[in-house]
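**Student:** Just to be clear, the model below is a prediction. Sequence and coordinates:
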Amino acid sequence: MTLEFFINHYILNSDKTMWLLGAGASRSAGMPSATDIIWDLKRTYYCLQEDQSVTDNELSNEAVRAKIQNYLEMNGCPKMWAEDEYSYYFKLLFADDAALQQKYLSNMLHPTKISINSGHKIMSALIALQKIKIIFTTNFDSVLENAYSNVVGKELQAYNLEGSASVLDALNNETYPLYAKMHGDFRYREMKNLPESLLNNDESIQKAFVNACSRYGMIVCGYSGRDINVMKAFDLAIENDNAFPKGLFWITSIQGHVFPAVMELMVKAKAKGIQAEIIQADTFDSLMLRIWKMMAIPKSEFDQKIRNFEVKQPNIGKYDGTGAFPLIRTNAFPITKLKLVCWKLNTTRPITPTDLKIRFANQNSSAIIAAERNLLAWGEKEEILKIIKEEEILSWETMDLASQIDEFKENTVMNAFITKAFVRALVRDKPVRQRQRYGSYYVAISSRDEKFVAYEKLFKDALSAWDFKQSKAIPAQSLAGKVPDTVNTYWMEAAEISLEYMDGKFWLLVNPDVWIEPRENRNQSIDFLDKKKGKRYNPIQDKLLNAWKFLFFGSASSTSITPFANHTENQPVFEIDTTTAYAYKF
């Protein structure tokens, strides 16, 4: 199910749909997610054991995280994304000392760190307008209560573990809004983040949750499915004959991790005839903003307070050619013109993103197809027909996506569709290998491609290192090879490629990097990568950017690229200015 279809479904069924919010929903409000807390605990343990110091900025570096994770796993700690990570590291650092645990969480979730985000403001308005009646949460924070007070001017009563006896009565008496904290509140004595207590929910809140699931559909947002007790409540709910009558929708970010327990839950739900879908959305805030825009309800009472927190285009002054230097070169190439005409396929039945994924896995096709509001496609017709059978197609229409450009950032389907076509156009007929990692695109040099000879010297010169004995710069000896002390692990010069929409136009961002093949072995090659990239300061990065620029565009001042041969009908065209953008210090 696409995000757009889900939003339409929810708007039509909002009065019969409840929410379960996880820590991810409060992240933009300054609250850490469960993953953030896990990494803070990992860092603390690592630094204590190794007498090291790792700052927040350093912890955000993938290489630093990989180094810490490798250390932990070598010392018997769980693998990354193991379902018991959260409880394991609490136990490791605090043992059974509930007071220490409470103090730690009090610091991490202190009210002074909260900034009210647009998503919770919109949810508060929908609660006040009786469009949202029931919210369960695994969170300890008071973000929603603060937002509700700010928007509505009233107090939102939260049922927690020490006052849970009345939550079932509230549900049965339809005393709305009903807001219940399944893990309790860190300000109270009885918290459910402790390892043993994760196994069982408070009986009253669990009963209310299970009963509500037999009357309402559910949207899960910002929750990974890591807790045994919450997933147990879902399993109990599914056993009811009329579970989730308006569907079960699990919202995850485009780069989010979905635990096996969630996948198993969705399979069980579908086996029971429940409409169960995993849907990708950028953030909780962007999801709620899109829902708010589509809701046909009187909004004037709350609009002003919500608008103050909407994402707005910043008014940043641009360099006008006057003033003093220096100008700082960026890695962004402006896309000056683009044509985004594609095929729109009307089919005999809806074809979902899951259907497309399965079909592409079973067929070797160069087509680019997306299930958005319609089925959109780029490529030769015979390649498209490998995925969508001719008998399934009612008609082929031409569609111009220009009117949907403004949705690029928030519409993940459109974002992926255009980005995939752009990267395909950029690498077409080039001596590179296209790769993906965690949703990001990379291009790695193909040194055995005969076309690469024309670029080899440029890359080697860019990576020159000064030899003090010879008093001159010595070009790099190789641009690819085997990672030392590994088995079947190789490296090659590469660049991360991304397509960004800023200042009302598209930009190509090229970030020089080193690719590890196979990609799963990157974490085992951290020390090698640190050594390989450690001294690539601005002059080397500048030369590398020039090398990639020449590989992609040659010496032309501008160029047009397409993902398919020129005769292909209805394909995108991107015109790129090969002079990078520059930043001026005002």
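**Tutor:** That came in fine, so what should we check first?

**Student:** Tell me the helix or strand right after whichever strand or helix holds Pro512.
**Tutor:** Following DSSP states H and E, one finds Pro512 within strand 505-517. The helix or strand immediately downstream of strand 505-517 is helix 526-533, counting by DSSP H and E.

**Student:** Specify the angle between that next one and strand 505-517 in degrees.
**Tutor:** 120 degrees (axes from the mean of the first three to the mean of the last three Cα atoms, to 10 degrees).

**Student:** any low-confidence regions in the stretch 401-550 of the chain?
**Tutor:** 409-410, 438 (pLDDT under 70).

**Student:** show me where it has helices.
**Tutor:** In the stretch 401-550 of the chain, the helices defined using DSSP state H, counting those that start in this stretch lie at 412-427, 453-462, 526-533, 538-553.

**Student:** send the alpha carbons of the second one over as CSV?
**Tutor:** Right, the one you point to is helix 453-462. Taking Å, rounded to 0.1, in the frame of the first residue of the first chain, the C-alpha atoms of helix 453-462 are listed here in CSV:
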residue,chain,number,x,y,z
VAL,A,453,41.9,3.9,-18.7
ALA,A,454,40.9,7.5,-19.7
TYR,A,455,40.3,8.3,-16.0
GLU,A,456,42.8,6.3,-14.1
LYS,A,457,45.6,8.8,-14.0
LEU,A,458,43.3,11.6,-12.9
PHE,A,459,42.1,9.5,-9.9
LYS,A,460,45.6,8.4,-9.0
ASP,A,461,46.9,11.9,-9.2
ALA,A,462,44.0,13.2,-7.0
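
**Student:** So which elements touch it?
**Tutor:** In terms of contacts (3 or more Cβ pairs under 8 Å, 6 or more residues apart in numbering; DSSP states H and E), helix 453-462 is packed against helix 538-553. (C-beta placed from N, C-alpha, C; glycine too.)

**Student:** Ok, the last one next?
**Tutor:** With contacts defined as 3+ Cβ pairs under 8 Å, 6+ apart, the packing partners of helix 538-553 are helix 453-462, strand 505-517.

**Student:** Reformat the ones you listed as CSV; add mean neighbour count.
**Tutor:** Putting the helices and strands packed on helix 538-553 into CSV (neighbours: other Cβ atoms under 10 Å) gives the following:
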stretch, mean neighbour count
helix 453-462, 16
strand 505-517, 20
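
**Student:** among these, which is nearest Trp378?
**Tutor:** strand 505-517 (16.4 Å; Cβ to Cβ).

**Student:** by how many degrees do that closest one and helix 412-427 diverge?
**Tutor:** Using the same axes, to 10 degrees: strand 505-517 against helix 412-427 is 70 degrees.

**Student:** Each with direction, which strands does strand 505-517 pair with?
**Tutor:** Looking at strand 505-517 with DSSP bridges, its partner strands are strand 332-339 (antiparallel), strand 490-502 (antiparallel).

**Student:** gap between Leu338 and Pro563?
**Tutor:** To Pro563, Leu338 is 12 Å away according to Cβ to Cβ, to the nearest Å.

**Student:** If you count surrounding residues, which of these two has more?
**Tutor:** Applying other Cβ atoms under 10 Å to Leu338 and Pro563 shows that Pro563 carries more neighbours, namely 22 against 18.
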